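> One predicted model, sequence on top.
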Amino acid sequence: MAKDSNVGPGKRFVLDYIERNAGAIAQLGDAIFSFGEPGMQEFETAALMTGILEDGGFEVERGISGFPTGFLATHGSGAPVIAIHCEYDGNPGNSQQSGATEQSEIVPGAPGHCEGHNANAAVMVGAALALKGAMEEHGIAGTLKIFGAPAEELVLARPYYVRDGHFDDVDAAFHAHIWGEFSTEYGVLQTSVISAEFIFHGETAHAAMYPWRGRDALDAVILMDTGMAQFREHMQPGTNCQRVITDGGEQPNVIPARAAVWWYFRAPDAAGARELFEHAGKIAEGAALMTKTEMEIEIKAAVWPVRANQTMAEIVQHNIDLVGMPEWSEEEHELARALQKACGGEEEGLKREVTPLTGPSAQIPAANDCGDVSWKVPMARLWFPANVPNVAFHHWSAGSALATSIAHKGAVAGAQVLAAAVADMFADPKLVERAKETFSQEIGDVVYEPMLPPAQRPDTGINRELMATYRPLMEKHYAKDKPTFA
Ligand SMILES: [Zn+2]
């Protein structure tokens, strides 16, 4: 691993630091796995991460942009300003024992990690501390900003951070995410999404005695749904939308005064998502008109499609090639094959080679809330190999490896590549300039503007009741020891 003799002193420092602190990185990832906190409830997770960063000498601002579990940790001053950001939320219903080859919940019905955002957090913190050490030891100028972004599974935080100016002075940003392979990419990678709830208000009445006196909010939801179903035939190729009814009234003998439906509007670009959302608003207005109800719209999230810069992808790829794929043991391959078999994925074990960078990636029909960052500043995305290939995220099979040696080795390799790529940009200001130039060519005449309304604040109550039920049961399984980095 990392035997290249051309490695400069800053980069050498971060590679060694991370290897030396492999135990602490593993412990941090395992602790966050044990917390298993879903979006907006990452209190233990954020406290542990910010505590470690603060002890490590970072200046920490907690609760940025109205996110109680969000943070910004800063080290250094002046140019260039390089940011790393990541998520650390789990999901409801994803409790899974580490290392088990069948579904085995830690706490039945509880939230948990079945994708690997726990490892994302460990990689970011490990890389951050390594970089700070290198900046001090080798007199590297510049500013390192570490962003903790809650509730990625609800595509929530980062558009707020960008809207609120947290990325205004950032020159380049990195995002590292768990995967079953070691790779990076460039181009437009994901889609844009607007998440909005349409709430209708009517008037109650006895449904059998005086239905003519009521104004039925549920009728409005149903009529909006019918309107949307008709509209689907005329949508642009590549766009789609999905919904759940979040409020359909209380009981059949009372005409519902309140009903609500929550929609996701997805499109290949932000303008397309906005257009879809605006048309849905017209359909909702029509439904309100037909039912004599009043309608309000609450935008829950609005993100641009994730894109990645080619110059930065090349820097990341160079470091993936330098660090190389971890060497997996036969037991690790065996666990991987057992999980692949259990979920019907190809039983190939763990990847033995890193993935080359061959050209721009195809756009996939999912979103990530770092999309806004990627249109504001040049951004790179690193996929690090800390989970098993071919398992399905948010299924128990994608949770089993997240606190095992597979995750530990993959996180160390991921932290090394992330820190090394940032170190390269700190060491050579020309790389930062080049990334900015190619970024501006890549985005052409697209002008980034946030899709979130200016006064919109995040809903801090998400998953609160869920955790009021489960946290007392989950607490018994929390890892108690705080990792020590040295
Ligand atoms: Zn994710």
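Right, received. Where do you want to start?
> any weak-confidence spans in this protein?
1-5 (pLDDT under 70).
> Taking the centroid of it, which residue is nearest it?
Glu152 (3.6 Å; C-alpha atoms, centre = their mean).
> Identify the residues contacting the residue lying closest to it once chain neighbours are set aside.
Among residues not flanking Glu152 along the chain, Glu87 sits closest, at 3.3 Å (C-beta to C-beta, 6 or more residues apart in numbering). Using the backbone N, CA and C atoms, a C-beta is placed for each residue, glycine as well. Contact analysis of Glu87 by C-beta atoms under 8 Å, 6 or more residues apart in numbering lists 117, 120-121, 149-153, 157, 369.
> So Glu87 versus Thr45, what's the distance?
Look at Glu87 and Thr45: by C-beta to C-beta, to the nearest Å, they are 10 Å apart.
> Are there residues contacting both of these two? Which ones?
Contacts common to Glu87 and Thr45, judged by C-beta under 8 Å, 6+ apart, are Ala121.
> Ile32 is in contact with Ala122, isn't it?
Yes. Contact criterion C-beta atoms under 8 Å: Ile32 and Ala122 qualify, at 6.9 Å.
> Among those two, which residue is more densely surrounded?
Ranked by neighbour count (other C-beta atoms under 10 Å), Ile32 and Ala122 place Ala122 first, with 33 against 30.
> Identify the residues contacting that one.
Per C-beta under 8 Å, 6+ apart, neighbours of Ala122: 25-26, 28-29, 32, 411, 415.
> Farthest pair within the residues you listed?
For those, the maximum inter-member distance is 14.2 Å, found between Ile32 and Ala415 (C-beta to C-beta).
> re the thing from before, narrow the contacts of Ala122 to those in helices?
Within these, residues falling in helices by DSSP state H are 25-26, 28-29, 32, 411, 415.
> Buried among those? Make that a PyMOL selection.
Buried residues within the ones in helices among the contacts of Ala122, by 16 or more other C-beta atoms under 10 Å, are selected in PyMOL with:
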select buried, resi 25+26+28+29+32+411+415
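> Dump the ones in helices among the contacts of Ala122 to TSV, plus distance to Ile64.
What follows is those, written out as TSV (distance: C-beta to C-beta, whole Å):
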residue	distance to Ile64
Ile25	24
Ala26	28
Leu28	21
Gly29	23
Ile32	19
Ala411	25
Ala415	23
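> Nearest to Tyr186, out of the ones in helices among the contacts of Ala122: which one, please.
Nearest to Tyr186 among the ones in helices among the contacts of Ala122 is Ala415, at 21.5 Å by C-beta to C-beta.
> Quick check: the closest one vs Gly248, distance?
Counting by C-beta to C-beta - Ala415 and Gly248 are separated by 47 Å.
> Ala24 now?
Looking at Ala24 against Gly248, where the rule is C-beta to C-beta, the gap reads 49 Å.
> Give me the more crowded residue out of these two.
Shown here are Ala24 and Gly248; by other C-beta under 10 Å, Ala24 has more neighbours (20 against 14).
> That one contacts Asp55, correct?
No. Taking C-beta under 8 Å as the definition, Ala24 is not a contact partner of Asp55, at 11.5 Å.
> all helices for the protein, in order.
Using DSSP H, helices in the chain cover 9-20, 22-35, 43-55, 117-137, 157-163, 217-231, 270-291, 310-323, 330-343, 371-376, 405-427, 429-443, 464-474.
> export the second one as CSV, just CAs?
What follows is helix 22-35, C-alpha atoms only, in CSV (Å, rounded to 0.1, in the frame of the first residue of the first chain):
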residue,chain,number,x,y,z
ALA,A,22,-6.6,2.4,11.7
GLY,A,23,-7.9,1.1,15.1
ALA,A,24,-9.5,4.5,16.0
ILE,A,25,-11.1,4.8,12.6
ALA,A,26,-12.6,1.3,13.0
GLN,A,27,-13.8,2.1,16.5
LEU,A,28,-15.4,5.3,15.4
GLY,A,29,-17.3,3.5,12.5
ASP,A,30,-18.4,0.7,14.9
ALA,A,31,-19.6,3.2,17.5
ILE,A,32,-21.8,5.1,14.9
PHE,A,33,-23.0,1.7,13.7
SER,A,34,-24.1,0.9,17.3
PHE,A,35,-25.9,4.2,17.6
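> Might you calculate how far it sits from the centre of the chain?
18 Å (C-alpha atoms, centre = their mean, to the nearest Å).
> looking just at contacts, which helices and strands does it meet?
Contacts defined by 3 or more C-beta pairs under 8 Å, 6 or more residues apart in numbering; DSSP states H and E place helix 22-35 against helix 43-55, helix 117-137, helix 405-427.
> what about the ones you listed, which gets the closest to Trp328?
helix 405-427 (7.3 Å).
> between that closest one and helix 429-443, how big is the angle?
100 degrees (axes from the mean of the first three to the mean of the last three C-alpha atoms, to 10 degrees).
> Chain neighbours aside, what residue packs nearest to Val316?
Thr184 (4.1 Å).
> Provide a list of residues in contact with Leu218.
200, 248-249, 256, 259.
> hang on, Arg337 packs against Gly345?
No. In this structure, Arg337 is not within contact of Gly345 by C-beta under 8 Å, at 9.6 Å.
> before we move on, back to that, and the contacts of Leu218 as JSON lines, adding distance to Asp164?
Below are the contacts of Leu218 laid out as JSON lines (distance: C-beta to C-beta, whole Å):
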{"residue": "Phe200", "distance to Asp164": "31"}
{"residue": "Gly248", "distance to Asp164": "35"}
{"residue": "Gly249", "distance to Asp164": "37"}
{"residue": "Pro256", "distance to Asp164": "37"}
{"residue": "Ala259", "distance to Asp164": "33"}
